[in-house]
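Trainee: missing the sequence, but the structure's below:
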């Protein structure tokens with residue numbers, strides 16, 4: 001793969017905007033794309049030709065070369081496509097990209113949540129093999145960010161003043177080294193054996209669903225204005241979050257993966273568990289709680305854990321309960337919407353078959 005110079009960031013939310021700004025500051029040609037139905041999120045940036053940043057990267061205006069909601073314009077000459085949208089938007093954005101993909105490109109989901117397995121099926125249906133287009137994912141977006149104005153984003157780096165160290169893997173895993181090498185000048189990546197390692201370690205699955213459920217009344221009373229990291233993390237809430245973490249670690253054990261607690265994961269990224277175990281909002285602001293804390297992290301987190309648990313024989317009663325109760329209070333069937341082993345194309349696989357597929361992309365006979 002040629003040296004990457006032209007990058008498309010698919011996603012006009014804070015994480016995508018911060019990534020486009022960060023890559024532009026590093027000297028890459030970055031295009032910021034938002035799907036047409038959410039184009040309003042980038043209209044002010046289009047008018048200005050970029051974004052104002054503040055926080056740990058300093059305070060300045062960053063010119064972004066291309067800001068668009070036209071997929072054909074966005075994909076022109078793209079070498080790397082970073083999909084930085086919620087889990088429920090990944091498939092839509094990937095399908096929009098498919099007609100413009102060609103051999104030699106790389107597609108990376110940020111945050112992946114094991115979505116590369118779902119996208120792999122679409123890529124294969126389109127006639128591509130795993131060596132023509134490199135497909136992979138990271139566990140999180142590279143910069144923590146919040147919008148603090150119509151065209152202004154506040155960016156937080158890790159405690160060592162660097163972008164997050166992100167777990168990353170390709171599907172199939174044999175392409176991970178190639179992917180990490182190609183991205184080494186853009187991001188700080190920790191290569192892992194397969195995309196399930198990356199997918200199940202998404203920290204949002206731990207710090208969002210259980211706290212949102214247990215703080216539901218407070219969120220409703222405050223019209224959504226609640227600092228989940230400050231007001232929401234009481235001792236009892238943390239005990240429930242840790243119970244979800246125990247179920248996740250049981251899945252890691254069953255998959256033969258490195259067993260990583262949520263606290264150790266946060267230390268690994270360079271941040272640390274103080275952001276939720278100690279009082280204090282890391283962004284220094286109180287904004288409206290995003291409903292994606294439920295609508296993304298329950299179907300793409302709790303349901304994913306439960307479905308993997310059934311495949312591997314690992315009980316997940318806490319995840320099941322969170323999904324059941326939030327399905328009732330939100331009047332939404334999160335089980336039906338969720339990312340299951342069926343949607344990932346791994347249903348019915350035995351452990352050895354699953355691990356072989358994750359590494360090689362070869363399905364069992």
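Mentor: Received the coordinates, thanks. This one's a predicted model, so the numbers in the text were calculated from it and none came from an experiment.

Trainee: neighbours around residue 337, how many?
Mentor: 16 (other C-beta atoms under 10 Å). Glycine gets a C-beta too; all of them are placed from N, C-alpha and C.

Trainee: ignore what I typed, I meant residue 247.
Mentor: Around residue 247 there are 20 residues (other C-beta under 10 Å).

Trainee: beyond the one helix or strand residue 51 maps to, next helix or strand please.
Mentor: Here residue 51 sits within strand 50-55, counting by DSSP states H and E. With elements assigned by DSSP H and E, the helix or strand that comes after strand 50-55 is strand 60-63.

Trainee: buried ones in the strand holding residue 51?
Mentor: Counting neighbours by 16 or more other C-beta atoms under 10 Å, one finds that the buried residues in strand 50-55 are 50-53, 55.

Trainee: for the stretch 1-150 of the chain, what spans make up the helices?
Mentor: Taking DSSP state H, counting those that start in this stretch as the criterion, the stretch 1-150 of the chain carries its helices at 14-25, 40-48, 71-75, 87-97, 115-125.

Trainee: angle of the second one against strand 50-55?
Mentor: Put plainly, it is helix 40-48. In terms of direction (axes from the mean of the first three to the mean of the last three C-alpha atoms, to 10 degrees), helix 40-48 departs from strand 50-55 by 110 degrees.

Trainee: now swap in the fourth one and tell me
Mentor: Taking the same axes, to 10 degrees, helix 87-97 and strand 50-55 form an angle of 150 degrees between their directions.

Trainee: packing partners for helix 87-97?
Mentor: Counting contacts by 3 or more C-beta pairs under 8 Å, 6 or more residues apart in numbering; DSSP states H and E, helix 87-97 is packed against helix 71-75, strand 80-83, strand 106-109, helix 115-125.

Trainee: just to revisit the earlier point, what does the strand holding residue 51 contact?
Mentor: Surrounding strand 50-55, the residues in contact under the criterion C-beta atoms under 8 Å, 6 or more residues apart in numbering are 17-18, 20-21, 24, 45, 59-64, 67, 148-149, 151-157.

Trainee: swap the cut-off to 6 Å and go again
Mentor: With contact meaning C-beta atoms under 6 Å, 6 or more residues apart in numbering, strand 50-55 is reached by 17, 21, 45, 61-64, 151-156.

Trainee: quick check: the two most widely separated of the buried residues of strand 50-55?
Mentor: 50 and 55 (16.0 Å; C-beta to C-beta).

Trainee: neighbours around residue 328, how many?
Mentor: Look at residue 328: counted by other C-beta under 10 Å, it has 10 neighbours.

Trainee: ok, the one 3 residues further on next?
Mentor: Neighbours of residue 331 under the rule other C-beta under 10 Å: 6.

Trainee: same check, this time on residue 122
Mentor: 15.

Trainee: report pLDDT for it.
Mentor: In this model, residue 122 is scored at 96, pLDDT.

Trainee: gap between the residue nearest to it when sequence neighbours are not counted and residue 135?
Mentor: Take residue 122 and drop its neighbours on the chain: the residue closest to it by C-beta to C-beta, 6 or more residues apart in numbering is residue 94, 6.1 Å away. To residue 135, residue 94 is 9 Å away according to C-beta to C-beta, to the nearest Å.

Trainee: which ones are touching residue 19?
Mentor: Shown in contact with residue 19 (C-beta under 6 Å, 6+ apart): 9, 84, 142.
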